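Mind looking at a prediction? Sequence and model below.
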Amino acid sequence: MLEATHLHKTFGGKPALADVSFHVRRGEIFGLLGHNGAGKSTSLGIILGMVMPDQGDVTIDGVSVLKNRSKALRKVGAIFEAPAFYEYLTGWQNLKILMSYSAGFDADAALKVVERVGLSKRIHSKVRTYSHGMRQRLALAQALLPEPEVLLLDEPTDGLDPEGIKWFREFILNLRDERGMTVLFNSHLLAEVELMCDRVAILREGRHVFEGSVSGLQDDTPVFEVDLEPWGTACGLVHSAGGKILSPGRISLPHASDPAGLVETLVRSGVRVRAFSPVRRSLEDLYMEILNGASSPN
């Protein structure tokens, strides 16, 4: 549904993107991850036609953003950077004005969207009286008003309280499940990304270093949290079994190895085993491994 191909971009001679490519399948939720300055917002800016790449292209449902921006973005709704509104107008008046910039205003459709995002009771209040969470819901209503097939979201849960984050997560999952919405978003909240996304791409210093399924994290090398003494002796035995020391107190073992067999070897060798338990590998683990250079790029 959305494909970024060989994107390059420099600002003031400094590379922001260096040959970045990724694709988002129709009807999936895709997370774009990376530290500040990794190139996430630059990528979204190029997708929206707001930033011109030095090289590369983006297509949405087969239509090039660079060659036919208006047609490509006809199917797209977005919250990009901090949403701005006319503070002295009501939420409803803001929707009417903002929608008139790109298309005609459909009051019936707007009412349905406002109800869907939970703003019915406050839509006729001045925006200056809105909380941060209400502003995000208004921005979401604006993004959904064109009835898009693709939704692009730039740090959509930034600044929200736990209740607001949970509401947003469930709302986006429902959009995917009930309407087949394709969603691309970036976020620093890795736990939320793991709960929401089907797949993710990770950018590091403007380069694409990983792309894969979130559910596939558990298919990787088994990891164990351990408390072993003496640690030096234990490390030698772990290495002999084909394992690796990931950090003090954390090891990995080959898929074919038997953890019970290693524990038996440790005990027979005089190593005290206080803890030896499998660790569910999380997106945060993968992210930190990549940023620390522990994982090779895919």
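Arrived safely, thanks for sending.

Let's verify E194: helix, strand, or coil?
Following DSSP: H, G, I helix; E, B strand; the rest coil, E194 is assigned to helix.

and the residue nearest to it when sequence neighbours are not counted, what does it touch?
Of all residues not flanking E194 in the chain, L283 sits nearest, at 4.1 Å (CB to CB, 6 or more residues apart in numbering). Where you see a C-beta, it was placed from the backbone N, CA and C, and this is true even at glycine. L283 makes contact with L190, A191, V193, E194, V200, V214, L217, according to CB atoms under 8 Å, 6 or more residues apart in numbering.

again with L145
By CB under 8 Å, 6+ apart, the contact set of L145 is G77, L95, M99, D106, A109, A110, V113.

so where do the strands sit in the stretch 51-200 of the chain?
Along the stretch 51-200 of the chain, counting by DSSP state E, counting those that start in this stretch, strands occupy 55-60, 63-64, 76-79, 150-154, 182-186, 199-204.

Show me what the fourth one packs onto, helices and strands only.
Strand 150-154 is packed against helix 40-47, strand 76-79, helix 132-144, helix 162-179, strand 182-186, with contacts defined by 3 or more CB pairs under 8 Å, 6 or more residues apart in numbering; DSSP states H and E.

Just the residues contacting it, thanks.
Against strand 150-154 from outside (CB under 8 Å, 6+ apart): 1-2, 24, 40-41, 44, 47-48, 60-61, 75-81, 143-144, 172, 175, 181-186.

Quick one: buried ones out of those?
1-2, 24, 40-41, 44, 47-48, 60-61, 75-80, 143-144, 172, 175, 181-186 (16 or more other CB atoms under 10 Å).

residue ranges with poor pLDDT in this structure?
Applying pLDDT under 70 to the chain flags the ranges 103, 216-220, 281, 291-298.

Work out which residue lies at the spatial centre of the protein.
When CA atoms, centre = their mean is applied to the chain, the residue found nearest the centroid is G31 (2.6 Å).
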